[in-house]
Structure formats: structure tokens, C-alpha cells
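> Got a predicted structure here, sequence first:
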Amino acid sequence: METQSKAGDWRAFKRVLMPPVKDLHKLEVYEEHEGYAALREVLTTDKWDPTSVTNEMKKSGLKGRGGAGFPTGLKWSFMPPVDPDIPRFLCCNGDESEPGTFKDRQLMEYNPHLVLEGMLIAAYAMSIKTAFLYIRGEFADWITLMEGELEKAYAKGYVGQDIMGSGFSCEIVIHKGAGAYICGEESSLMESLEGKRAYPRIKPPFPAQKGVWGYPTTINNVESLACAPLIIRNGGDWYAGIGAEAHPGPVLYGISGHVNRPGVYEYPTGMLITDLIYEVAGGMRGGKKLKALIPGGSSTPILRADMIEGLTMDANSLRDAGSMMGTSGMLIMDEDTDIVAWLRRITHFYHHESCGQCTPCREGTGWLENIVTRIDEGEGNFRDLDLLLDLCTQMEGRTVCALADAAAWPVRYTIDRFRDEFEARCRPSLIPSGGVLENA
Amino acid sequence: MADFIKNPVVDLLDRNPEPVFSGKDLSFSKDEKAQIMKWVSSYPSKEGAVMHGLWLAQEKFGFLPPEVIQLVADEIGMPYADTYGVATFYTQYFKEKKGDYVLDVCTCFSCQLCGGYDILHYLEDKLGIHKGETTADGMFTIQEAECLGACGSAPMLQVTNGPYVNHLTPEKIDALVDALRDGKMPEFESVTLPQDEDELGGNRRTDVSLTPTYGVCPVSETLS
Ligand SMILES: Cc1cc2nc3c(=O)[nH]c(=O)nc-3n(C[C@H](O)[C@H](O)[C@H](O)COP(=O)(O)O)c2cc1C
Ligand code: SF4
Ligand code: FES
């Protein structure tokens, strides 16, 4: 079966999230390139009202770029009807801590006003007067940059009271995190904003009902919100026509690992993974063979080299292939990669980052790390593999947030797809896994 | 009393350590107080300002011993216990004194595969300490960090919650340590997008001087 790229003529693709414009991060330059024009059109012409903006977002087919891929327009429409006595909030999620993901940082550096404009359009569409931009504390330099640009946008009257004389007001507050992966999870981020320890909340209620300070809240990823001005400028149909039909739009692929040209690339969704590795990222480092890759951040299931023939980067194809789009932060691994040692490092990450609220996650992530470490050190037994899978089953879907699942999936799928490498490290047990004991 | 309460299996934090700061040293200036009040007014409830307040305190005092946490709590008007809870939840708030420069070496999975541990071990050997420790002269602390969101320029590290240093090599580490000994923090590096190299002939930002490109990452020698 021959599967084609869904990205069309991607070589001719003109970047829109980070167009090739020198100094676009400066407000003057941004203004020269249609900057804040979409916001002006939305606020000051009769063409738009909050409902039509939301509808345009729905029409665009944009799916959230924060990892879960939830349709953005639909999420916006979940906000309850406006009640003047009840405040409403927007949170822009710039926590970006999923290992393998480094796109939001580049977007905030090179096109900060697109993010701010997107936040304002979203705020207008949902009648929100306060928006928080949550950026992970490690991005101190980028926070300083964002704060400077925000100040300029305030000075020009793009943010604040009575924006462009339209009567619409919205304040933007930048919140600096302080080093906790879990703050990327939406309800945890809200707790963090409220000045608490960032323990995720049980859902429901969902943020649209009870979000920050108990008020209706919408939370979106930086890249998702940055798409809003583009959709308003060019229309939802234009956006829907880019890339894969069911998962359209330009997307920032963060490619890292064993390739010749790692980096953040903007291309349509639906790119062939082989094109991304061999054409876009310059091929494998040192001419080595591809062994495996992670399509979208550490929690998305690993794909073996033989699974990617004809596979494209969009939600449906990746789901069919047994993985996920996630954050489209791709890690490419060559034939020399030690998968066991690599999985050990991932289990360490999740153990370190578990917030400790739920027993299956707090204890489970620790045991995953312990057992994978034991195998990596050559002390493991065959039955440890089944023990690991059993642990995963005990963790999945039983916790307050999805971190436990995110910790279990890499273990489950890596063992599933590279079982021979794990077995090669293990000592045969007296009670063999799967019955027959060979080569004992 | 149960035995494990009298003899805990883990070392518990000293609940009432000798204060490091006291008297006049332990206070915010008028400007700092005004800044905190400004943050307080940006949030629907005063607690929203606590993370800003802790950051400010850490920049001023270097770390957050209990008396400094108490100072932040008092300034915002929050209970000490809640403030302490926040300060201890996040890894970037230092609860004990660190070196003048904290080197957070990323060894998370992209960096791991591109030599993050080689850099960590090189640094440990060079400074004669292990991760988590501080040099005797109080100058450097080495820490192992989780993904810092710069995977394309692996291996990398961050200096004291500030600048990122990308694409590390032993030579770059040597130069960095020498510069830090002279009190020079690394400059901000604006990592160029590969597409910008093709379409813009290099970096798009004219207001920064260091514009490294993403490049082929080194081959890792050790993975743990
Ligand atoms: C453990 C965990 C960590 C997450 N980290 C991030 C993150 O760093 N950045 C992000 O945008 N979304 C992150 N998410 C997803 C958010 O919860 C949320 O779905 C997303 O920000 C929604 O934005 P979107 O609809 O625009 O994708 C994380 C989710 C989980 C469960
Ligand atoms: S699943 Fe893990 S990270 Fe999420 S709330 Fe529970 S303990 Fe915390
Ligand atoms: S893995 Fe080191 S920065 Fe992401």
C-alpha cells in the first residue's frame, strides 16, 4: 500500500507562524506585517462578534497543539453564557516541559506578538477580561523578552482598557513558573496560578465550569493561540486547507536527536515522517540507520523504523499506527541507541515529576524506574517485563491526571516493540514469562 | 511513639535551623514592597503573587531559608505553611544555600542521547564534585536537570536559572567555567531556526550578538 504525504507541495510551503521576516519580534516590524490587524478587524468591524470568531475557529479545524489535540473552537464554545458578575479567565499554556518539545520557546522568541494577539482574540471570543500567560521558570530570558514586548503592546493600546477604542478591555498577566513539569497539566497550572502547590484537580468539573479561582476558564497552548490571528486574517477555510484534512494547519515540528539538522521547523501537518527525517532534518547523523522515533514528546508511544513507511504526522495516521501526535516534538534515534538505558531515563523523569497526590502514580513511577534500572544493570529477570506491564495496567486511567498514563505508555510500548532487547538484558527466571523457557 | 517516628528512615529537614538572615538584612526595600503589591493587585486573590514574591526573595537573598519564606508570607499576607508548601513544591526555588553559580545540566532523553551525561561527568571531574554538591570555595553547584525545552541544541545546561548554554563540548565547558570564575555570565544565545538559515541567510534577530545554529549533536559516550 502506497501512502502519500498529506502535506501537499510542502517544499513550497510559506511559513506563517514564524515567517521569514527579520526582527519580527519587534512591535514596529510586526505592525508592518499585518500585526494586530486581525485584532483590529475583530474588535472594530461589524463583521465579527464573539460567536462568529468562535465559529471561524471551529471551521478552521484547528486541534490544540499542547498534546491532547482537542479542537480549539469547540473548547471555546464550552464557556458558559456571559454573566457580568462572574469573571472569566484565559490561560495560555507556555509551560513546555514535555521532554522532546522546544517549539513554544522559539515561537515566543521570534513572534511574541502573534501569541499576544492570539490571546486577545481568544479573550474577545469568550468575553474574557483577564488572560494569564504561564511560562515555565526556566525560560527566564524568554520571559524577560515577553514582558518587554507586552509592555510595548500596552503602551500602544493593543492590550489593556478600551482596546482600539472598541470598548473591549483585556489585561494580560505573565506568570513565571518555577520548575515543575506537572504545571503544564491544565488544572495543575491553575492551582499554580492561584499560588498553591500545583496539584492537579479531579475532573469534572472542567475548567470551562470551574477553572482558576473557581471561575469559567479556557486554557490553550501557546502555539494553538498563535494560530487565531492567522485564522482571522486568512479565514478558517484557508487554515482547514493546509495539511492533513482531519488535523489541518501549519505545525511546528521540533526535531531532536540523531539527525544532521535538528531544530524547529514549520510545515503543514500530515508530513511523511520519512520526509521530515531525510529531507527536512538532513538525514541521519553519520549515515546511520534509523532505529526508532518518538513522534510527539516523551509520552507518545515509540515507533520502530519498520513502522513508519508511508506514515504521516497527523492525529489519525499516528493513532492507526499505534502512537500519537502529542506536541510534535520528535526524537530520532539511530541504530546504536540503547533502548533500555533510554527508557530508564524516561522512567526517571516521570518519577521525578510525579506530584505525589495519587498512590498509583507516586509509587508506580518509582517502581517503573526501579525495575527498568534493574534490567538496565543486567540484574533483571524475564518476569520483570510482565511485572512492568502489570504495573502499567495498575497505573493507567486510575489517577487524577494523565501523568500516570504518560509515564506508563512509554514503558508499555517500548517493551512491546523492543521486547527482544529487554530480554537480552534479563536473566531467565525460574518461572518463565509466557510459559516455555528457552536457552535456559 | 512508633519507632520510625523517633528514628526516621529518611533525614528530615531541620524544622528550626539557625536563621541565616536577621534584623535589617531580613527585609524588603520600599521598591521591592511596591513591586510585590503590584503583583498582588494583578491577581484576583493575593496568593497569586506568591511565586513572584518567592522569585524576588530568591534573587535578593540567594536562597529561601525559613525566615525568608516567612518574610514573603508576611509581605503577601499568607500563612507561612502555605508559602512554605509552594516554595518546596518547585525545583527552582533553592531551599538551601547553593554555589554562586548553579549549573543545571540537562540529561533528559534528547540530551542523554546526545551526550548529556558526558558533559555532566566531565563537569563533575573538572570541579571535583558530584551532582548535587557544591565546590569547597562555594563557587559552583552541579545539578542534573530534566528537559529544559532546548532539545534541538543538546547537550545543554542552564546557569543559575538564567541563560542557556547550548551545544556543549568539553572545550565549551572549560571556557564557561573560566568565564564564570571571572564573574562573567554567558550571553543570551538566540538559536537560529534551520529554515531561517535558508530563507534569511542566518539569524532573524539583529538585536542579539550570539546566534548559534542548531547543529549536529555529538555522539554520546555514556547514557547514565
Ligand atoms: C502531565 C501533563 C503535562 C502537560 N504539559 C503541557 C505543557 O507543557 N504545555 C501544554 O501546552 N500543554 C500541556 N499539557 C496539556 C494541557 O493539559 C492542555 O491539554 C493543553 O494545554 C490544552 O491546550 P490546547 O488545547 O491548545 O492543546 C499537559 C498535560 C499533562 C497531562
Ligand atoms: S497522576 Fe501523578 S502527577 Fe497526576 S495528580 Fe496523580 S500523582 Fe499527581
Ligand atoms: S532533553 Fe535536554 S533540553 Fe530537552
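Happy to help now that I have it. Residues are numbered from 1 along each chain as shown, chains lettered A, B, ... in the order given. Ligands and ions are numbered 1, 2, ... in the order given.
> With A:A7 as the reference, measure out to A:T274.
A:T274 is 12 Å from A:A7, where distance means C-beta to C-beta, to the nearest Å. No exception for glycine: its C-beta is placed from N, CA and C like everyone else's.
> ok, the two, which is more surrounded?
A:A7 (24 against 16; other C-beta atoms under 10 Å in any protein chain shown).
> Could you check how far the more buried one is from A:A244?
7 Å.
> Quick check: next helix or strand after the lowest-mean-pLDDT helix or strand in chain B?
Within chain B, no helix or strand scores below helix B:3-6, which has a mean of 65 by mean pLDDT, DSSP states H and E. Downstream of helix B:3-6, the first helix or strand assigned by DSSP states H and E is helix B:30-42.
> so where's the chain shaky on pLDDT?
Let's take chain A. A:1-3, A:429-440 (pLDDT under 70).
> switch to chain B, that's the one I care about
B:1-6, B:8-10, B:12-13.
> and the residue in it positioned nearest to ligand 2, what is it in contact with?
Of all residues in chain B, B:F89 sits closest to ligand 2, at 11.4 Å by C-beta to the nearest ligand atom. Contacts for B:F89 (C-beta atoms under 8 Å, 6 or more residues apart in numbering or on different chains) come out as A:A180, A:R197, A:A198.
> mind putting those residues in a markdown table, distance to ligand 2 included?
Listed next are the contacts of B:F89 as a markdown table, based on distance: C-beta to the nearest ligand atom, whole Å:
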| residue | distance to ligand 2 |
| --- | --- |
| A:A180 | 10 |
| A:R197 | 11 |
| A:A198 | 9 |
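> contact partners of stretch A:409-422?
Identification of contacts with stretch A:409-422 by C-beta under 8 Å, 6+ apart yields A:292, A:298-304, A:307, A:322-323, A:339-340, A:343, A:346-347, A:368, A:372, A:375, A:380, A:385, A:388-389, A:391-392, A:396.
> can you give me the helices for chain B?
Using DSSP state H, the helices of chain B run over B:3-6, B:30-42, B:50-61, B:66-76, B:80-89, B:109-113, B:116-127, B:170-181, B:194-200.
> who wins for proximity to ligand 3 among those helices?
helix B:109-113 (3.3 Å).
> what packs against the closest one?
strand A:250-257, strand A:329-334, helix A:339-353 (3 or more C-beta pairs under 8 Å, 6 or more residues apart in numbering or on different chains; DSSP states H and E).
> Let me have these in TSV, extended by distance to ligand 1 and mean neighbour count.
Converted to TSV, the helices and strands packed on helix B:109-113 look like this (distance: least, C-beta to the nearest ligand atom, whole Å; neighbours: other C-beta atoms under 10 Å in any protein chain shown):
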stretch	distance to ligand 1	mean neighbour count
strand A:250-257	12	27
strand A:329-334	10	27
helix A:339-353	8	23
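> Figure out which of these is closest to A:V222.
strand A:250-257 (9.8 Å; C-beta to C-beta).
> which helices and strands does that closest one pack with?
helix A:103-110, helix A:222-234, strand A:263-268, strand A:329-334, helix B:109-113.
> Tell me what angle that strand forms with strand A:263-268.
Orientation of strand A:250-257 against strand A:263-268 (axes from the mean of the first three to the mean of the last three C-alpha atoms, to 10 degrees) gives an angle of 150 degrees.
> Wondering if strand A:250-257 reaches ligand 3 at all.
No - against ligand 3, strand A:250-257 shows no contacts by C-beta under 6 Å from any ligand atom, the least distance being 7.0 Å.
> Sheet partners, orientation included, of that strand?
In the sheet, strand A:250-257 lines up against strand A:263-268 (antiparallel), strand A:329-334 (parallel) (DSSP bridges).
> Turn these into a markdown table, including distance to ligand 3.
Output for these, formatted as a markdown table (distance: least, C-beta to the nearest ligand atom, whole Å):
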| stretch | distance to ligand 3 |
| --- | --- |
| strand A:263-268 | 12 |
| strand A:329-334 | 8 |
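> Rebuild those as a markdown table, extending it with distance to B:T213.
Listed next are the strands paired with strand A:250-257 as a markdown table, based on distance: least, C-beta to C-beta, whole Å:
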| stretch | distance to B:T213 |
| --- | --- |
| strand A:263-268 | 8 |
| strand A:329-334 | 18 |
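> Residues that sit against both of A:A7 and A:A244, list them.
The contact lists of A:A7 and A:A244 share A:P268, A:T269, A:G270, A:T312, where a contact means C-beta under 8 Å, 6+ apart.
> do you know how far the residue lying closest to the first one once chain neighbours are set aside is from ligand 1?
This points to A:P268. Nearest residue to A:P268, sequence neighbours excluded (C-beta to C-beta, 6 or more residues apart in numbering or on different chains): A:G243, at 3.2 Å. From A:G243 over to ligand 1 the distance is 17 Å, taken as C-beta to the nearest ligand atom, to the nearest Å.
> doesn't A:N316 make contact with A:G243?
No - using C-beta atoms under 8 Å, A:G243 is not in contact with A:N316; the gap is 12.0 Å.
> Give me the more crowded residue out of these two.
A:G243 (27 against 15).
> Report the separation between that one and A:L39.
With the distance defined as C-beta to C-beta, A:G243 ends up 25 Å from A:L39.
> Equivalent analysis for A:I182, please.
Distance from A:I182 to A:L39, by C-beta to C-beta: 33 Å.
> Including distance to A:P80 and neighbour count, could the shared contacts of A:A7 and A:A244 go into JSON lines?
Compiled in JSON lines, these are given as follows (distance: C-beta to C-beta, whole Å; neighbours: other C-beta atoms under 10 Å in any protein chain shown):
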{"residue": "A:P268", "distance to A:P80": "35", "neighbour count": "22"}
{"residue": "A:T269", "distance to A:P80": "31", "neighbour count": "26"}
{"residue": "A:G270", "distance to A:P80": "35", "neighbour count": "26"}
{"residue": "A:T312", "distance to A:P80": "37", "neighbour count": "25"}
